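1. Give the three-dimensional model of this entry:
(6 chains)
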There are 6 protein chains.
Amino acid sequence: MKILLYNPNTTVSMTVGFTPAALNAAGPDTEVIAETAAIGPESIEGYYDEALCVPPMLHRFADLEAEGFDVAIIACFDDTGLDAARSMLSLPVLGLCQSAALIASNVCERVAVVTTMPQSVPPLSRLLGSYLGPERTAGVFAAGIPVLDLEDPSEATRSRLFSSCEKALLEGGADGLILGCAGLSQLASTISERFGVPVIEPIAAAIKMAEATAGLGLRTSKSGGWTAPRPKVRT
Amino acid sequence: MKILLYNPNTTVSMTVGFTPAALNAAGPDTEVIAETAAIGPESIEGYYDEALCVPPMLHRFADLEAEGFDVAIIACFDDTGLDAARSMLSLPVLGLCQSAALIASNVCERVAVVTTMPQSVPPLSRLLGSYLGPERTAGVFAAGIPVLDLEDPSEATRSRLFSSCEKALLEGGADGLILGCAGLSQLASTISERFGVPVIEPIAAAIKMAEATAGLGLRTSKSGGWTAPRPKVRT
Amino acid sequence: MKILLYNPNTTVSMTVGFTPAALNAAGPDTEVIAETAAIGPESIEGYYDEALCVPPMLHRFADLEAEGFDVAIIACFDDTGLDAARSMLSLPVLGLCQSAALIASNVCERVAVVTTMPQSVPPLSRLLGSYLGPERTAGVFAAGIPVLDLEDPSEATRSRLFSSCEKALLEGGADGLILGCAGLSQLASTISERFGVPVIEPIAAAIKMAEATAGLGLRTSKSGGWTAPRPKVRT
Amino acid sequence: MKILLYNPNTTVSMTVGFTPAALNAAGPDTEVIAETAAIGPESIEGYYDEALCVPPMLHRFADLEAEGFDVAIIACFDDTGLDAARSMLSLPVLGLCQSAALIASNVCERVAVVTTMPQSVPPLSRLLGSYLGPERTAGVFAAGIPVLDLEDPSEATRSRLFSSCEKALLEGGADGLILGCAGLSQLASTISERFGVPVIEPIAAAIKMAEATAGLGLRTSKSGGWTAPRPKVRT
Amino acid sequence: MKILLYNPNTTVSMTVGFTPAALNAAGPDTEVIAETAAIGPESIEGYYDEALCVPPMLHRFADLEAEGFDVAIIACFDDTGLDAARSMLSLPVLGLCQSAALIASNVCERVAVVTTMPQSVPPLSRLLGSYLGPERTAGVFAAGIPVLDLEDPSEATRSRLFSSCEKALLEGGADGLILGCAGLSQLASTISERFGVPVIEPIAAAIKMAEATAGLGLRTSKSGGWTAPRPKVRT
Amino acid sequence: MKILLYNPNTTVSMTVGFTPAALNAAGPDTEVIAETAAIGPESIEGYYDEALCVPPMLHRFADLEAEGFDVAIIACFDDTGLDAARSMLSLPVLGLCQSAALIASNVCERVAVVTTMPQSVPPLSRLLGSYLGPERTAGVFAAGIPVLDLEDPSEATRSRLFSSCEKALLEGGADGLILGCAGLSQLASTISERFGVPVIEPIAAAIKMAEATAGLGLRTSKSGGWTAPRPKVRT
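-> Numbering: from 1, shown residues only, chains lettered A, B, ... in the order given. Below is the predicted model:
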């Protein structure tokens, strides 16, 4: 199985940072091709950055089947462009937030997302609620850390993150946590040990979901909102 | 007051088609500048077209305040790019679906959207539910007509449209209708007379909402999900 | 355009207090007639007062069209009697809470209401949720101030109000505020400056919504819950 | 125990019609006093009639405790004025719709309301949803019969009613029915036998709920939305 | 009327503890037979204990009609096995949580449950939401007390309980409380006096609901999810 | 990896029937042990059968870790006993309905369940809604076929099934289908070809989800509703 792990922002070091989690999760017969967006914002924080990175991504995704890919993963926790990519392609396209939320449902009764910046709370709350509904979700909690600070987190950064985790568990009533930013990947086991709850690292979750979905021979539905775009002039 | 009425697709004739509704709705002191996207898809049907038209639109919107605009309207019923544009700008940005839904609330207890293609039903249902919640919405009904067929509708096209309206009222329990596509503008009064219910034409609704919102001196909130994008490299 | 701005309580000084906001919002061709209820409670706090003021209001509204009015505004934030008045009339009837909530949607992603007495929280929460659904609302916050104390607010009164605003933004996650009582009108700009978020003053919002709705030629739906009352004996 | 069964419309024959159901349901130590509104509409169909009958009812309810009543029932299926009456009184006040819905929950998994006129569907849908939430409710179905026609129903009237019941069971997925109008009381056993499901007659349900609630010594909460009205001038 | 009050756990002293509340609530013509499960867990705390006690209970319930019972009450606040028992029987079967929630609706606008152990919060939240929907519920609050400690509560136990009640009222916005554990029965009046709100004791509530439901001649619906089990081999 | 695939009913031929789907889905390093309940009902249709099969299942699950199992699958589409088993165990426990619903989310925007008997509609609707929320679910559709008829389906049985699928797609607005009964496994590819939408076969979906979840090293949360049962007397 051949998986495209596509980082829709342009920061190569971030791709390099989360690729080991992907390779570690992948099965022996799975080939993971990690790519970084050629153009777009250097990180994705909020609706504006989300919108900018989609057309380059769709452009890159146009020939995935011809290139032999079985599934594509959009490696951004905002699941930006997920519906557009699913409309364009028949092979499965997965997002980090959705994959993590779905995997979390197997081991958590009510899961919360811990993320970086407060402006991500509204879009992530909508996503989480849309994927799992109100009964299984315990909210989105922002630590107030810029995404790029996570590449080499200071003690203060870690401390703010831990206190968001604690708030999610005690005030939100969560019994498990999703790390809501690809840059948090390397802290998953630290957090899990510290708080004694399942911690879902989205990159690994998405790889496993990709293997499961494509392994079942499933293809993206083409009969509803993801109907293939009609041929027309698009300049 | 100076309003930008921006058609995010590239079909000039569609802009020409809905501009009279805007001019007719505008007050004597309102200047409406109608523009057509320079690049993008020729019509917007579904998630894929939605995604493609946003970056050109954001590019166009960058200097609206310097150009003296007081408010911008995204003249596409999918409200595509609305959150991204609101993040980027401090002046109010309005969408057709939201404007029509809000205006409809004043004269309808439960409103339905009538639109063109079935693949628009899922995204529009999400939008409508997000704006008004479940208590005031009666669903989205698709007539199965391509957007560009509406420029000069045949008798069969009109008939399919009328039958969707009837379904919305009888089966959906709607007591009013929103025309869910800019191309339907010219049929508003015909439908209202035929079915005896309020029919909201979104272009006119958005102009009136723009005048109301900007007239109150309100500016887009910058403290939540629409926080201004942080400076960063965006190629 | 001729708008009736009807205060359903009997306190003339309150009508006098909010009329400038209405006149200030009204366009040059709009005539605003502010009236105070001839009979009813001197202020409206909770379900009991709400119920008492409706029949006198309906009585007053009976001949509005014959008197040349184009739209009526019920100038009470509880939107008391709104459904009954809409059933009786074909011209648009607007409420303060709904008008403010709808206008707020254009500039806030999640809006909260700040009001006076705690017993108003349950009815206003129902109203707000009914108008906008759960995704766009951030709750109702009561400052614990009797309505009539607002006519000349002390420093302590203002301080309690500010602390409710802060709670709505920080704990409720609101990115904008609606002033949930006609008596708060004069504090709108103070609060907006202090907290740096959009503050919606309901009287002005309702005037603008009235102009927008009636200006579009829309009339209240008569085909659902607001069907005109059947002729019958009503003593 | 002494129960006031108050018909908020002025049609004495309707009170006479449903009183036997009340007397039949009442226990040996229960005294039921059935009263008809002295002033108000002759029947209650929609928001307008609802609003008119409340102040006379509140006026009548003012001294219930002094008169030795233990509980009051508002004998109108719209539960009109229920919140206002609960605000005014400390003794329990019950409504027909709520009582029937609560009793139905004990023997039906998903219950529907069958009522008379279509304009009652929106208010009754709100009520039912508000009392039981979405999981236990199967909708409101209107037979298109004026309330006063039920006093001596023709064969055609019965047939329309039966067909609404069938629709509620087959299309709505209900496994039980509430008769959504006091005038339907006499048809309860006929419908239950015909369709083989529980049929809840609201007058009897309310009497039993009144006995249960007052029998437990419970009194209306005075700490939230039903806080007692503050003393003030009410003309 | 003959009511089976069945304690699905095996602790006889608990049955003995709550029986007086039942006898006190029962009317003069009501016979209450309190029974304790012969086999099962000694107390019911969470999903695991819930599951274990159901088959013995269903076994016990098999011949209730032949034994002359009119209604059965499952005397566990988790309403464990309620759907299964309702499927098996035609006579009404009531649960403590549902009965208390329904009775509470008559005297509280928004009710909260106060319970013992935190692991009960998720199942009870689901139950409460399922019975009343979101508009009438104010959450479930756990005091962190093992069920069996309630048989002779220490001062510390009472203090933790009171502080949960306070949290439900102040933070949850409840205007009434349900005691979410049969073992709390004896503290009902203490809590009601201390906090000045209605306190619903579930054993008494269930007895009154049983009398009301059976007294109306209602039987459990057999047409939906509670259809009688088909004959088959069950070893 | 070692997976227990546990059929909670006692029909060995049903276990034999669905085991090939499991073996076919399992990866090369996965060992699937299929077991049939030793005691319990011969098929599981509705709440009553669900309740009966749980204690024997929990008994069987007690030593799974000592036996070297990495994950357990409850091979019944009602997910019966899922919460109880998750409370008892630390290794992941998966259900068919939840696994299928989660996998479906990757390739369908709105998914429906097609099942056998109408009395399964209420419990399955609750499950589906609980796992995915309202936005991604399109309802549960029953073909009216007893479970055991599926072992060797007649032409009439298939025809009823196909017509339920069609209803789910056209009336429910689904863009993908879940086969809501283990006995339907062998018809998955037939239905997918006939209707051109993704069809999720729950046995295979659960195997893949088991591999994904256990492969990530995740263990069931023990901090919320699934807290391990306290030691106590359980007879």
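2. Pull up the gap between the residue positioned nearest the centre of chain A and A:Thr227, please.
-> With distances taken as Cα atoms, centre = their mean, A:Leu96 lies nearest the centre of chain A, 1.8 Å away. From A:Leu96 over to A:Thr227 the distance is 25 Å, taken as Cβ to Cβ, to the nearest Å. The way it works is simple: take the backbone N, C-alpha and C, and place the C-beta from them, glycine included.
3. same thing with A:Tyr47?
-> Between A:Tyr47 and A:Thr227 the distance is 25 Å, computed by Cβ to Cβ.
4. Neighbour count for those two, which is higher?
-> Between A:Tyr47 and A:Thr227, counting by other Cβ atoms under 10 Å in any protein chain shown, A:Tyr47 is the more crowded of the two (28 against 20).
5. Over to A:Ala138: give its phi and psi.
-> Phi and psi for A:Ala138, reported as degrees, to the nearest 10, are phi -120, psi 20.
6. Isn't it up against A:Leu177?
-> No - using Cβ atoms under 8 Å, A:Ala138 is not in contact with A:Leu177, being 9.2 Å away.
7. Overlap in contacts, those two.
-> Residues touching both A:Ala138 and A:Leu177 by Cβ atoms under 8 Å, 6 or more residues apart in numbering or on different chains: A:Val111, A:Ala112, A:Ala168.
8. Buried subset of these, written for PyMOL?
-> Typed into PyMOL, the line below selects the buried ones among these, using 16 or more other Cβ atoms under 10 Å in any protein chain shown:
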select buried, chain A and resi 111+112+168
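9. Let's have the shared contacts of A:Ala138 and A:Leu177 in TSV, adding pLDDT.
-> Formatted as TSV, the shared contacts of A:Ala138 and A:Leu177 follow (pLDDT from 0 to 100):
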residue	pLDDT
A:Val111	97
A:Ala112	98
A:Ala168	96
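10. and of the shared contacts of A:Ala138 and A:Leu177, the nearest to chain B?
-> A:Ala112 (18.0 Å; Cβ to the nearest Cβ).
11. what's the helix or strand where that closest one lies packed up against?
-> Element membership for A:Ala112, per DSSP states H and E: strand A:111-115. For strand A:111-115, the packing partners by 3 or more Cβ pairs under 8 Å, 6 or more residues apart in numbering or on different chains; DSSP states H and E come out as helix A:96-104, helix A:121-132, strand A:137-142, helix A:155-170, strand A:176-179.
12. how about the ones you listed, which one is nearest chain C?
-> helix A:121-132 (5.5 Å).
13. quick one: average pLDDT of the closest one?
-> Averaged over helix A:121-132, pLDDT sits at 94.
14. any bit of it sitting next to chain F?
-> Yes - Helix A:121-132 lies within reach of chain F by Cβ under 8 Å from any Cβ of the partner chain, at A:Gly129, A:Ser130, A:Tyr131, A:Leu132.
15. what does the strand holding A:Ala112 rub up against?
-> Strand A:111-115 has contacts (Cβ under 8 Å, 6+ apart) with A:77, A:97, A:101, A:104-105, A:121, A:124, A:128, A:132, A:136-143, A:161, A:164-165, A:168-169, A:172, A:174-181, A:184, A:200.
16. can you dump the C-alpha coordinates of that strand into CSV?
-> Taking C-alpha atoms only, strand A:111-115 is exported to CSV below (Å, rounded to 0.1, in the frame of the first residue of the first chain):
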residue,chain,number,x,y,z
VAL,A,111,-12.4,12.9,24.1
ALA,A,112,-10.9,16.4,24.1
VAL,A,113,-8.5,18.1,21.7
VAL,A,114,-5.5,20.0,23.1
THR,A,115,-4.2,22.5,20.6
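17. Give me the sheet partners of it and which way each runs.
-> Here strand A:111-115 has these sheet partners by DSSP bridges: strand A:137-142 (parallel), strand A:176-179 (parallel).
18. now it and helix A:96-104, what's the angle there?
-> 150 degrees (axes from the mean of the first three to the mean of the last three Cα atoms, to 10 degrees).
19. Run the chain-centre distance for strand A:111-115.
-> 12 Å (Cα atoms, centre = their mean, to the nearest Å).
20. cool, stretch A:218-235 as well?
-> 23 Å.
21. Which of the residues in it are classified as buried?
-> Residues of stretch A:218-235 classed as buried by neighbour count (16+ other Cβ under 10 Å): A:218-227, A:229-230, A:232, A:234.
22. which ones among these are found in strands?
-> Applying DSSP state E to those, no entry is found in strands.
23. For chain E, tell me which of the residues you listed show up nearby.
-> Okay, of these, nothing touches chain E (Cβ under 8 Å from any Cβ).
24. Output those as TSV; include the columns pLDDT and distance to chain F.
-> Below are these laid out as TSV (pLDDT from 0 to 100; distance: Cβ to the nearest Cβ, whole Å):
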residue	pLDDT	distance to chain F
A:Leu218	97	5
A:Arg219	98	7
A:Thr220	98	5
A:Ser221	98	4
A:Lys222	96	8
A:Ser223	91	5
A:Gly224	91	3
A:Gly225	93	5
A:Trp226	96	6
A:Thr227	95	9
A:Pro229	94	15
A:Arg230	91	17
A:Lys232	94	22
A:Arg234	95	22
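25. Cheers, nothing more for now.
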